[in-house]
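Colleague: coords please:
(chains A, B, C and D, ligands or ions: 4)
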Amino acid sequence: LTSAGVAAAESIKVAAIYTLPVEQQWISRIHKALNTAAERGDIEYVFSENVANTDYERVMREYAEQGMQLIVGEVFGLERAARKVAGDYPETAFLMGSSFGPVAPNFSVFDNWIHEPSYLSGMAAGAATETNVIGMVGGYAIPEVNRLMHAFMGGAREVNPDVKFIVNFIDSWYDPPKAKESAFAMMDAGADIMYAERFGVSDAAVERGIKAVGNVIDTSGDYPGTILASALWHMEATIDKAVANVAGGTFDAADYGQYSFMAYGGGSLVLDESLVATNVVDAIRAKEADIMAGMFRVNVNDDRPVSDN
Amino acid sequence: MIRIEPRQAPSRLMTLGIPVLSAVVALALAAIPLAFAGAGIATAYQEMFKGIFGSVFAFTEMLTRATPLIFTGLAAALAFRARLWNIGAEGQLYLGAMAAVAVGAGAVDAPGFVLIPLVILFGCAAGAVGMAVPTVLKSRFGADEVVTTLLLNFVILIFLQMMLEGPLKDPMGLGWPQSPPILDQGMLPPLMDRMRVHSGFIIALVAAGVAQFMLVRSVWGFKLRAVGENAAAARHAGIRVNRSMMSVALVSGALAGMAGVSEVAGLKGYLTADLSPGFGYTGIVVAMLAGLSPAGVVVSALFIASVFVGADSMSRAMGVSSYLADLVVSMSLICVLIGGFTARYRITRVKPLRGEGA
Amino acid sequence: MTQQKILSLNGLSKRFGSVIANDAVSLELHKGEVLALLGENGAGKTTLMNMLFGHYMPDEGSVDVADEEGNLRPLALGHPQAALQAGIGMVHQHFTLAENLNALDNIVLGSEPLRMLRRDRAGARAKIERIMAHTGLTAHLDVPVGKMSVGERQRVEILKALYRDVRILVLDEPTAVLTPQEADTLFSNIGAMTREGLSVIFISHKLREVLAFSHQIAVLRHGVKVGEIATADANERVIARMMVGADTQETPREAMEPGKPVLKLENISVVGRSKRDTLENVSLTVRRHEILGIAGVSGNGQSALAGLISGLTRPSGGSIVVDHIGITEHHPQTMIREGVGRIPEDRHHDGIVGAMSVAENMVIERLDDPEVQSRGLLKHDAISANADRLAADYDVRGPGVNARARLLSGGNIQKMILARVFEQNPKLILANQPTRGLDMGAAAEVARRLLEARARGAGIVLISEDLDEVLSLADRVMVIHDGELIEANTRDREKIGLMMAGEMA
Amino acid sequence: MMDILQILLSESFWAASLRIATPLIFGVLGALLCEKSGVLNLGIEGIFVAGAMAGWMAVWLGAGLWGGVIVAALVGAFFGLIHAILTVPLGLSQHVSGLGVTMFATSVSYFVYRTALPNVSSPPRIEPFQVLDIPILSELPFLGPVLFQQTGLTWLAIFMVGSVWYVMNRTPLGVAIQAVGDNPDSVDAQGLSVYGLRIGAVVAGSALMALGGAFLTMSAFDAFFFGMVNGRGWVCIALVIFASWRPGKAFLGALLFGAFDAFQVRLQTEVGALVPGQVFLMAPYILSIIALVVAARSADYPRALLTPWFKGQR
Ligand SMILES: Nc1ncnc2c1ncn2[C@@H]1O[C@H](COP(=O)(O)OP(=O)(O)OP(=O)(O)O)[C@@H](O)[C@H]1O
Ligand SMILES: Nc1ncnc2c1ncn2[C@@H]1O[C@H](COP(=O)(O)OP(=O)(O)OP(=O)(O)O)[C@@H](O)[C@H]1O
Ligand SMILES: [Mg+2]
Ligand SMILES: [Mg+2]
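Modeller: Numbering: from 1, shown residues only, chains lettered A, B, ... in the order given. Ligands and ions are numbered 1, 2, ... in the order given. Below is the predicted model of the structure:
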């Protein structure tokens, strides 16, 4: 107990390496959790953002050389190389967003497994659409995005088998004006609910006075009265667990993916109950309980979603 | 009043001293953003130095970063010599990389001494085709190659996404838009244990040497220079202008393609859509800093890579935003440009002669 | 002409690196006077005028200009704006026209303040039309300058100067691109204006004009003013001796028996973008030991004819035979291979790659030659040796064979091209305006080389707007007009002049 | 087929086209001014970024919306001045200087943004330009909804098309700029300053480009993001050739590109499952290239483009 107390007082040195700016939704969740931990005094936090994949390995090694105790990041573009680096620095803990598995002794992985709340948000959307057309604007068709879209579509279809989806990827993480135009085009084609994977989509929804569903981050404060529901990702569970393990000297190779599940508080659904019909709210809550209780599993499908014709 | 006059013969000291001096000035200017971000200046420079020369690792990382820049720098230098404004090295790089994984990732199963040349050959050929298209559009239709190559970069990048989600997608990639890895025996061998620097660097040096030699010593280089300096006179003198343009286009594209091969088969092993953080564009800067001399390209690529790697590492050590690195690189570029100018021209103040003799 | 001093250049000097272009040159100009400024190529004439006009900043010296009341006042140097305000206008040796603008815009450019929100085009047009009516210099005001013939461009240049109400007009080789008739008209117009008080400095290599139209002659040699003389006291010999420092020799043309044909054009047509590069059903034959002179006003199809013989232009019909061999692939390379030597009209544009060395330019037409390369690699030593030899033989002077060709003076560039062409013993030589802009000495050298080649057995096509040159060199004369070629069965200046104007066709 | 026609006839499609075209209109006009004077400005992409960031940040710090627009223009002018000094009096390579300015402007903007906002996960929003709804005019059939769904900046862009045309063709200044881009000697010989005209044109052109960026953060959206300019600047470089350096055609070209883009997303929503989505994303670029090939024959470049000029030298 005393040793753990000392470790906490010394606070752990954590570095994060992001391939995109910290405003990117996905990254912003990790960044937020780390900042929270830093504010609590658990960790000392530094980060490098917008690191090109070419440079990623160098940055990992630099941080490891600097004596960072925990390095957090995403290695989707360099799975193999990242594991090699981890092998070279067995004293350093690595916690990386990854599609593959952990590697002993020090390489752990996580991912944004919030398909459960996405499914629930889909239920809200499916019930709310009157035109039976839902528009979805994505950045890139990568598994992390596709998976949530499919879960959302599954939820919507459960409550409304007639619903059709229009899907569009803008091939850019940051082009809100383009995302907005894409959304407008979908609305012109009849969509009355928008799945807002990118910045810009909810803005379009506000302008046309229709509803949107949020994803990863909670934007209901920015668009009051527009966001029906959002599937949120909370990295706190994952980060806190990893930090505690490092502090306790018990960090080892593990898959932290489960800490993004609802049951661990890694994922959650916020509903704007003033916008969703009570019977729908009830159905969603019931489904949520099923999920928490392990009675319902949301399908995982990483393929690129396409529009219904 | 200020006049600009060409220097008659820039002295040795100047041709060597001025680039060094301008690099120093550029680094001194980096103090401004550092101060803006509230970092300690002296330690910052120390950290920057350490980031380049502080360890074998740092130094090899710099060489690794310089490797693609030498290739794209050569691609730009040769094309620009012929006044063929190839702004499309970025796209050609990706074409090269796509071709490299298309043959190297299992389509051909051959021993390394067959597979490596094959990967290089296909990569270079793909890059060459990428430059041949705008060159044909230029010579047949007069379409400006600055614009066509620039736009083709976008087209190729989008095409790459399509391939990575389609035929080139790794079935084992868990859905990620990435290609399968190049077979182990198809990879360019690394130069040092545990370091990323690979034999692509050696190939780049050889390519620069050959390019330098060909430019100065060969009939091909003669024609290329003549076409670049005065196409009308070259044609009047019986040089096949279009043919010469096309040949340099192919070489330029091939070199850019080779940058892609080197990155994918030397470094990463497989292809994603963010293989290059703008190596194609930086190559233009590298080439111009080198005065379009192939040998100079090596020096300026090493310079740019050092500044970037050093400033990047310093930004981390100092806890300053990592955008600092790009900022320092771009300031260095501008300083070296101006420095190169002062080596060639003299800016003099002229006293006005008004009223004398009256 | 009066005795009122209107301009005085006081000890102007200008150095370019090691070249002393002007060394303490002083000049005076009086109201109504026409002063001719003479000198070999590179003597520093243009430099002197550029200092006067503010393009160049002198290293030493000053300039005084008379104001409206006739009081001499110092001129602020280095600013064309100041020169214009002081009533100095300049027609430059090379056109300074924006080709995308029409004549009106070119003329008015710079005369209205830039902050004006609109232009007074009607007023400007009226003023220009007045000037045109008064001087007889006309141009199409609404046609883009790029579409104009050189003669018309030259007139626009002069109108441009006159529009600014100049009192001193500087003309730098104004007739280099004009036909004799055009030149005569120009000078008689200028003569009329001098009687109204205009003062003129003009630079020319054509002694005929100088003697006919100037009052006073100043001569520069190597940047130094070597003398001044009243035109009334001068003749060609005197002037030539002042310019060169020695007498020049003319090469006599010996009679020769033409041999077998080396060039046959049969019913050749060329479809060009404009009349300047159009040919209609042209036939001609050139034999060994023969110089065929093509006389004509510029812009009548000379460039198409030259393009055809140099391989740049593709005919739309007809056949070309060079020494029994029918030409099917129209490319300069083919013509070079068939033994055609070409002296281009525009040396800087077509003749040299200015950024490459003199030595490289001397072998640029024979890169396949085993003397120049082996297995695709250049033989640098052989190329240098070749250059040294040619530079000596052809008296190419300049900063050395390894210097950029651009640094040579116009005359020396031409000598370098002659060296390149004549060394290959061509069967046929195309000489397009070979002495344009050259001083007397250099022009005589070109003539000597052409006659030498003829004696050796080459056939020569000499295209020139200088009728005197054609008549003195050619064995046979044809006139080109409106894309058609007519044999001139006469050597009468007058008659050929009329044919050039299309009046006897 | 019916669907396509329906798209092309819909008001919202043309309104979208005009919206997408607006930043391009600013950009093409800016590039046109620079190139007409003889200077290629590849700094455009970076100047877009700087304009987007500066305008937005000024408003966020408390300036009014039009104040933000002015700040953006000034920042664009500043980067234009750097490019102008490097390429005009110093005569350095316009390609490199331009790419250098793009790097510099981009990295300065990013660095300043991040240093000012080190710890945001979502950038602060501003209150952007609102749609200008002019009561009676917006009731006009078709034109009303197309034109009056736009913000003040789109109107400014349209106004700039006319202004640039007027300046280039009807004022002494514009004629001088055209002349300096064709043959600097012509201007010099008439007592005008080649350097002054070129520097002025590049600075003014760059200010216009920055407005294109400002549109993105102050009208099309209400916050700044890294990478949001996303190649729009480069597209302008192509459009200016397509437009043969004419303001009217520049407007049409930008609108055409906007229409491709608007059409592409709409078509994708119709037939998205049949063709890979990327085909649509590529379409505007490929069509630009084709348009360029078609237009190239008649394109008459400013003759002095890319050629530096030094006073007192030949
Ligand atoms: N005056 C000129 N200035 C610049 N470029 C020119 C000029 N004249 C010709 N060209 C270029 O040269 C090209 C033709 O050159 P040339 O005939 O030597 O090439 P080539 O290799 O024979 O090509 P091809 O096989 O297509 O005929 C033209 O397409 C044109 O782009
Ligand atoms: N801007 C310049 N830079 C370098 N050298 C120059 C420049 N202008 C002129 N010269 C040199 O100065 C000398 C005088 O040139 P200038 O043009 O005055 O001769 P010119 O008498 O007008 O000859 P031409 O009869 O050929 O026109 C030449 O040696 C020329 O090469
Ligand atoms: Mg002269
Ligand atoms: Mg050919």
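
Colleague: so residue C:480 bridges to which residues?
Modeller: residue C:485 (DSSP bridges).

Colleague: right, and it touches residue C:301 too?
Modeller: Yes - with contact defined as Cβ atoms under 8 Å, residue C:480 counts as touching residue C:301 (5.4 Å). To be clear about C-beta, it is placed using only N, CA and C from the backbone, and glycine gets the same treatment.

Colleague: between those two, which is the more surrounded one?
Modeller: residue C:301 (27 against 23; other Cβ atoms under 10 Å in any protein chain shown).

Colleague: just give me the neighbour total for the closest residue to ligand 2 within the stretch 101-250 of chain D.
Modeller: Distances between the stretch 101-250 of chain D and ligand 2 by Cβ to the nearest ligand atom are smallest at residue D:185, namely 12.3 Å. Residue D:185 is flanked by 21 other residues according to other Cβ under 10 Å.

Colleague: mind checking which helix or strand residue C:160 is in?
Modeller: helix C:150-163 (DSSP states H and E).

Colleague: please see if the helix or strand just after that helix touches ligand 2.
Modeller: Next in sequence after helix C:150-163, counting helices and strands by DSSP H and E, comes strand C:168-172. No - with Cβ under 6 Å from any ligand atom as the criterion, ligand 2 is not reached by strand C:168-172; the gap is at least 7.1 Å.

Colleague: quick one: list the elements packing against strand C:168-172.
Modeller: If you count contacts as 3 or more Cβ pairs under 8 Å, 6 or more residues apart in numbering or on different chains; DSSP states H and E, strand C:168-172 packs onto helix C:45-53, strand C:88-91, helix C:150-163, helix C:180-195, strand C:199-203.

Colleague: so what touches it?
Modeller: Residues from elsewhere that reach strand C:168-172, judged by Cβ atoms under 8 Å, 6 or more residues apart in numbering or on different chains: C:6-7, C:29, C:45-46, C:49, C:52-53, C:65, C:87-93, C:158, C:161-162, C:190, C:193, C:198-203.

Colleague: got phi/psi on the closest residue to ligand 3 within the stretch 51-200 of chain C?
Modeller: With Cβ to the ion as the measure, residue C:93 is the residue of the stretch 51-200 of chain C nearest to ligand 3, at 4.6 Å. Backbone torsions of residue C:93, given as degrees, to the nearest 10, read phi -60, psi -40.

Colleague: do the one 3 residues further on as well
Modeller: Here the main-chain torsion angles of residue C:96 (degrees, to the nearest 10) amount to phi -120, psi 60.

Colleague: per-residue confidence at the residue of the stretch 101-250 of chain D closest to ligand 2?
Modeller: Looking at residue D:185, its pLDDT is 93.

Colleague: residue C:96 is in contact with that one, correct?
Modeller: Yes - applying Cβ under 8 Å, one finds residue D:185 in contact with residue C:96, separated by 4.2 Å.

Colleague: contact residues of chain D facing chain C?
Modeller: With Cβ under 8 Å from any Cβ of the partner chain as the criterion, chain D meets chain C at residues D:170-173, D:175-176, D:178-183, D:185-192, D:300, D:302-303, D:311-312.

Colleague: swap the cut-off to 7 Å and go again
Modeller: D:170-173, D:175-176, D:178-179, D:182-183, D:185-192, D:303, D:312 (Cβ under 7 Å from any Cβ of the partner chain).

Colleague: near ligand 3, which of these show up?
Modeller: Counting by Cβ under 5 Å from the ion, nothing from the residues of chain D next to chain C sits close to ligand 3.

Colleague: in the stretch 51-200 of chain B, mark out all the helices, start to finish.
Modeller: Using DSSP state H, counting those that start in this stretch, the helices assigned to the stretch 51-200 of chain B run over residues B:56-81, B:89-104, B:112-141, B:145-165, B:200-217.

Colleague: worst average pLDDT in those helices?
Modeller: helix B:145-165 (a mean of 91).

Colleague: give me the buried positions along it.
Modeller: B:145-165 (16 or more other Cβ atoms under 10 Å in any protein chain shown).
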